[in-house]
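**Q** Return atomic coordinates for the entry below.
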Amino acid sequence: MTMSCARSFTTLLRLSSLALVAGSASVAGATGLHALAPLAGVSIAAIAQEEALTKENVISGTMDIDFATRTTKDTSGDLRTGSPALGAKDSYKFNLVVVDTTRFSGTVTRQPNLYGKTLGRKQQDAQLFYSVDLAVRNPRDLKQEKNVGKWVGTVPIDPASGAFDLSGGKSKESALRISVDAVGRAAAFQDTFRGRLVGKAENKESLAAYTFKRVVGGKERIVTVKKSDPMRFDNIVLAKGPADSYPNTSVTGRLDYDYETGNWYTDGIRFKYDLDGKEYEDVVTGSIKWVEDPDRATNGKGYYDFNLRFNEEKNKKSGGEAAAFDKMSDEDAFFAIDDSMPALTGRVSYIDTMSGETVSTSKVTYNLHANKLTKVQVMNFFKLWTLAIGPTNDE
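**A** Got it, this is the predicted structure:
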């Protein structure tokens with residue numbers, strides 16, 4: 001490193017939670033806030049929460065998906081017809097940067113339940129395994145980077161409900177956790193994920209209609225999904241880290257998938273956390289729209305268009321923006337972006353390779369943008385989205 005020895009990497013770790021850089025705002029300003037905070041009696045965690053970013057590519061990078069369970073089929077004859085081969089796993093290999101100063105790089109693998117052909121006995125348990133390196137970057141020079149720990153562990157998948165048991169890895173001595181090493185004077189810590197994530201239903205016949213409402217331009221807009229498949233967040237706890245300024249956070253709510261359009265909708269995902277003894281709650285509403293390239297059949301291209309609003313009820317206007325949305329249909333208005341609202345927007349783009357009628361591999365690019373969001377809000381959403389890496393990438 002070229003930094004003075006007197007400025008230990010402990011400070012870098014703190015700065016990584018404080019890179020309050022919006023657009024062309026100077027890093028020197030953020031460093032100044034760090035220096036002045038103790039004098040003013042304001043904690044670093046409080047600044048990280050209160051300062052909002054308006055910034056492109058707050059979540060950026062790539063992911064390569066290999067759906068090996070779709071292409072590597074059982075040839076032994078010992079498993080149920082059509083089963084993947086024993087040991088075949090889908091893999092999600094990614095290299096993603098969150099708000100410039102934190103890098104997540106590694107692989108999540110997923111294997112299915114497998115049953116014997118004759119007696120139907122289970123031959124393999126469904127589970128995910130996380131092996132993700134955590135690194136922080138110097139906000140004054142993003143080329144300077146240091147690995148500080150891991151996001152690692154096993155997530156069993158309940159065969160009856162399809163729920164991801166986030167704390168179930170403990171029984172396998174492989175709890176899903178964020179484990180950060182001691183760096184300089186910063187103490188090591190470890191924190192676990194808990195709760196249940198209920199993914200897409202296996203039985204699609206039981207899916208029911210669900211109506212989503214939101215106020216756009218002072219007018220209530222309605223979208224009804226005929227077959228809504230909810231991904232539920234049942235008392236999930238996101239582990240804290242990689243820096244202390246990212247606290248553990250409880251999550252409840254649902255994100256519904258529409259099989260007819262490929263869109264996702266939510267009428268409320270609630271994130272609750274505590275910083276410096278003060279409680280916060282962020283309510284995320286909105287939509288993630290699937291858009292296919294006209295030539296997708298040949299080029300495999302499509303993308304998710306994000307329009308997720310944070311604390312929409314608290315930030316909605318009294319109707320002054322109505323004219324901009326008056327002539328839109330309810331569905332168009334539902335997906336419209338309101339720049340006055342704290343939001344996560346942008347795209348997650350796919351280039352899929354087909355094997356027959358199924359996707360065998362995907363190359364994914366993240367370009368998600370923050371509008372008036374804190375680093376804690378961005379990090380919390382990123383962690384939740386990564387926990388849902390299976391359901392959100394299955395077509």
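**Q** burial of Lys84, as a residue count?
**A** No Lys there; residue 84 is Pro. Counted with other Cβ atoms under 10 Å, the burial measure for Pro84 works out to 21 neighbours. Where you see a C-beta, it was placed from the backbone N, CA and C, and this is true even at glycine.
**Q** Please list all residues in contact with it.
**A** Pro84 makes contact with 68-70, 72-74, 112, 114, according to Cβ atoms under 8 Å, 6 or more residues apart in numbering.
**Q** Select from those the one having the most neighbours.
**A** Leu114 (22 neighbours).
**Q** which residues sit in contact with the residue lying closest to it once chain neighbours are set aside?
**A** Nearest-residue entry for Leu114: Gln124, 3.9 Å, with adjacent residues in sequence omitted and distances by Cβ to Cβ, 6 or more residues apart in numbering. The neighbourhood of Gln124, defined by Cβ under 8 Å, 6+ apart, consists of 86-87, 111-114.
**Q** Identify the farthest-apart pair in these.
**A** Comparing every pair within those by Cβ to Cβ identifies Gly87 and Asn113 as the most remote, at 13.3 Å.
**Q** Who has more neighbours out of those two?
**A** The residue with more neighbours, out of Gly87 and Asn113, is Asn113; 15 against 10, by other Cβ under 10 Å.
**Q** Could you list the low-confidence segments of the stretch 251-395 of the chain?
**A** Low-confidence regions of the stretch 251-395 of the chain, defined here as pLDDT under 70, cover residues 317-338, 395.
**Q** can you pull out the strands in it?
**A** Assignment of strands within the stretch 251-395 of the chain using DSSP state E, counting those that start in this stretch yields the ranges 264-275, 278-292, 301-310, 343-355, 358-373.
**Q** Comparing those strands, which comes out most buried?
**A** Between the strands of the stretch 251-395 of the chain, strand 301-310 has the highest mean count of neighbours, a mean of 20, where neighbours are mean count of other Cβ atoms under 10 Å.
**Q** Touching that strand from outside, list them.
**A** Applying Cβ under 8 Å, 6+ apart, the set of residues contacting strand 301-310 from outside is 264, 266, 282-293, 295-296, 315, 335-338, 341-352, 368, 373, 377, 381.
**Q** can you pull up the bridge partners for Ala135?
**A** In this structure, Ala135 has the following beta-bridge partners (DSSP bridges): Arg103, Asn147.
**Q** Quick check: it vs Asn95, distance?
**A** Relative to Asn95, Ala135 is positioned 10 Å away (criterion: Cβ to Cβ, to the nearest Å).
**Q** what residues are shared contacts of the two?
**A** Shared contacts of Ala135 and Asn95, counting by Cβ under 8 Å, 6+ apart, come down to 103, 105.
**Q** Could you single out the nearest of the contacts of Gln124 to Glu260?
**A** Minimum separation from Glu260 among those (Cβ to Cβ) is found for Pro112, which lies at 25.6 Å.
**Q** Give me the pLDDT for that closest one.
**A** At Pro112, the pLDDT value in this model is 92.
**Q** From what I see, it and Asp125 are in contact.
**A** No. Taking Cβ atoms under 8 Å as the contact criterion, Pro112 and Asp125 are not neighbours in contact, 9.2 Å apart.
**Q** shaky segments in the stretch 51-200 of the chain?
**A** 200.
**Q** in it, which spans are strands?
**A** Remark: strands assigned in the stretch 51-200 of the chain by DSSP E, counting those that start in this stretch are 53-67, 90-98, 102-111, 114-115, 122-124, 127-138, 141-156, 163-165, 177-180, 189-192, 194-198.
**Q** got a markdown table for the ones you listed, with distance to Phe271 too?
**A** Putting the strands of the stretch 51-200 of the chain into a markdown table (distance: least, Cβ to Cβ, whole Å) gives the following:
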| stretch | distance to Phe271 |
| --- | --- |
| strand 53-67 | 16 |
| strand 90-98 | 15 |
| strand 102-111 | 18 |
| strand 114-115 | 36 |
| strand 122-124 | 34 |
| strand 127-138 | 20 |
| strand 141-156 | 18 |
| strand 163-165 | 18 |
| strand 177-180 | 17 |
| strand 189-192 | 16 |
| strand 194-198 | 13 |
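**Q** Turn the strands of the stretch 251-395 of the chain into TSV, columns for distance to Ala175.
**A** Formatted as TSV, the strands of the stretch 251-395 of the chain follow (distance: least, Cβ to Cβ, whole Å):
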stretch	distance to Ala175
strand 264-275	20
strand 278-292	26
strand 301-310	29
strand 343-355	29
strand 358-373	27
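**Q** Nearest to Ala239 among those strands would be which one?
**A** strand 264-275 (11.8 Å).
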